[in-house]
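> what's the 3D shape of this:
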Amino acid sequence: MPQNRRRKPRKNPDNRASNTRRTPPALSLSKGERQEMTGYDRETKISLLSSRQQGALPVLAAAPTIAQAARDCRVSESTLRRWLREPAFAEELGLLRQQYADQVGQQCLGLILRGMNVLAEAMDDPDRSLRLRATRYAMSFAAHLHGSMKLNADIREMRDSLDSVLSGQYINQPEPEKEQELRS
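Numbering: from 1, shown residues only. The predicted model follows:
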């Protein structure tokens, strides 16, 4: 006849009972590490997040997929998706991603400046064909840059117009006499 006695749980190397539920350690960063890694110091809003959520932010911001971020953070994808639906978490993630984008933008500007310096040096080279190629590249870049700047200005102007229409204030309204000229 089997005895119904309860066995004492075995201890694992961490000195924890093996039948207790173990959650994987969260990737947590100290305030200094977070600031060093991301320049990220928004204590008031980030304090609303758990340490696991705080640790997941930089990983999620840099990971190519939610699945990869979940693996790296040692949380389930469904947990990350639930966190993403929380306004405080989503807002902090958006701010962090914007900081990353700004950093990358600054690095790109630095590379452009270095490249333009190389082109400027090549334009002074004694080899005529090299000077012509460097000039062609510089002119092509300048044309693309001018087009991008014009496009950005147009987009900004459209946003401003849309914002003013939505707020009930119309800008750039034609003057009454010009409106008559336009109709005729």
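> which parts of whatever helix or strand residue 145 lives in are buried?
If you go by DSSP states H and E, residue 145 is part of helix 128-167. Using 16 or more other CB atoms under 10 Å as the test for burial, helix 128-167 gives 134, 137, 138. The C-beta positions use only the backbone N, C-alpha and C, and glycine is treated the same way.
> according to the record, where do the domains of this protein fall?
Per automatic domain parsing, the structural domains of the chain span 31-90, 125-167.
> by mean pLDDT, show me the worst of the ones you listed.
Mean pLDDT is lowest for domain 31-90 among these, at a mean of 81.
> check what pLDDT residue 91 gets.
As predicted, residue 91 sits at a pLDDT of 91.
> where do the helices sit along the protein?
Along the chain, counting by DSSP state H, helices occupy 31-38, 43-46, 51-62, 66-73, 77-84, 87-123, 128-167, 176-183.
> number of nearby residues for residue 123?
15 (other CB atoms under 10 Å).
> that older thread, quick one: which of the domains of the chain is nearest residue 109?
domain 125-167 (11.4 Å; CB to CB).
> and residue 116, how far from residue 129?
20 Å (CB to CB, to the nearest Å).
> now do residue 92
Counting by CB to CB - residue 92 and residue 129 are separated by 53 Å.
> quick check: phi and psi at residue 76.
phi -80, psi 160 (degrees, to the nearest 10).
> contact partners for the closest residue to it other than its chain neighbours?
Of all residues not flanking residue 76 in the chain, residue 70 sits nearest, at 6.0 Å (CB to CB, 6 or more residues apart in numbering). Shown in contact with residue 70 (CB atoms under 8 Å, 6 or more residues apart in numbering): 76, 77, 79, 80.
> so who does residue 147 touch?
Residue 147 touches nothing, counting by CB under 8 Å, 6+ apart.
> can you pull the pLDDT of residue 116?
At residue 116, pLDDT is 87.
> residues touching it, list them.
By CB under 8 Å, 6+ apart, the residues touching residue 116 are 138, 141.
> from residue 63, how far out is it?
Following CB to CB, the distance that separates residue 116 from residue 63 is 33 Å.
> quick revisit: any of the contacts of residue 70 buried? List them.
residue 80.
> ramachandran coordinates for residue 50?
Per degrees, to the nearest 10, the backbone of residue 50 is at phi -70, psi 170.
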